[in-house]
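Novice: Sequence plus predicted model, see below.
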Amino acid sequence: MNSPAAKARLKAAAYNQPKVGDAAVTFVVVGIVGGHTKLPALIKPMLDGGHIDQAAYDGWIGMANGMYNGKEQFQRDEAIRSASMAAMTLMYAAHGKGLVSGAMIGFDPAAVAAECKLAADEIPVMLIAVGNAAPGNWPRKVRRPVAEVLSFSAD
């Protein structure tokens, strides 16, 4: 979606947040519920290339199926977790290219899914607006000190 009309529709689905329309690009980060079912095809090249043996291949697939089969909430949690990690990587890559980015969860998931023609097993996790810094951009929000959100244990 890169036409002005498509951008306008996505902006509307994001409660008309200006950065969706103003950014050079807004990525829709999508998670796949039941993604574990795609694992056999994803790791088959590792088996075929001799990087893992059949026992490891079967073991990984068996563990994934045991963890996720029949557990819809856990599958959804994993879809969001995996997509969020990919989103953060995208934001770091944008920063490395001298761009700014902003993650957004303020949007109508059904409208975004319809606009992007997502499949039934795909969920929009967040939007990431990316572009050049604009004059008047807000400074980075104040963050809690690391010591308040992270602890280390010697045990």
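Specialist: Looks like it came in fine. Bear in mind that the values here come from a model prediction, so they are computed numbers and not experimental data.
Novice: ok, how many other residues are close to the closest residue to Tyr15 other than its chain neighbours?
Specialist: In space, not counting the residues next to it along the chain, Tyr15 is nearest to Gly106; the distance is 5.6 Å by CB to CB, 6 or more residues apart in numbering. Where you see a C-beta, it was placed from the backbone N, CA and C, and this is true even at glycine. When neighbours are counted by other CB atoms under 10 Å, Gly106 registers 10.
Novice: who's in contact with Gly106?
Specialist: Going by CB atoms under 8 Å, 6 or more residues apart in numbering, Gly106 touches 14-15, 17.
Novice: okay if I get the residues you listed as a markdown table plus neighbour count, secondary structure and distance to Asp58?
Specialist: A markdown table is the format used below for the contacts of Gly106 (neighbours: other CB atoms under 10 Å; DSSP: H, G, I helix; E, B strand; the rest coil; distance: CB to CB, whole Å):
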| residue | neighbour count | secondary structure | distance to Asp58 |
| --- | --- | --- | --- |
| Ala14 | 24 | coil | 43 |
| Tyr15 | 12 | coil | 47 |
| Gln17 | 20 | coil | 46 |
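Novice: With Gly62 as the reference, measure out to Phe74.
Specialist: Look at Phe74 and Gly62: by CB to CB, to the nearest Å, they are 16 Å apart.
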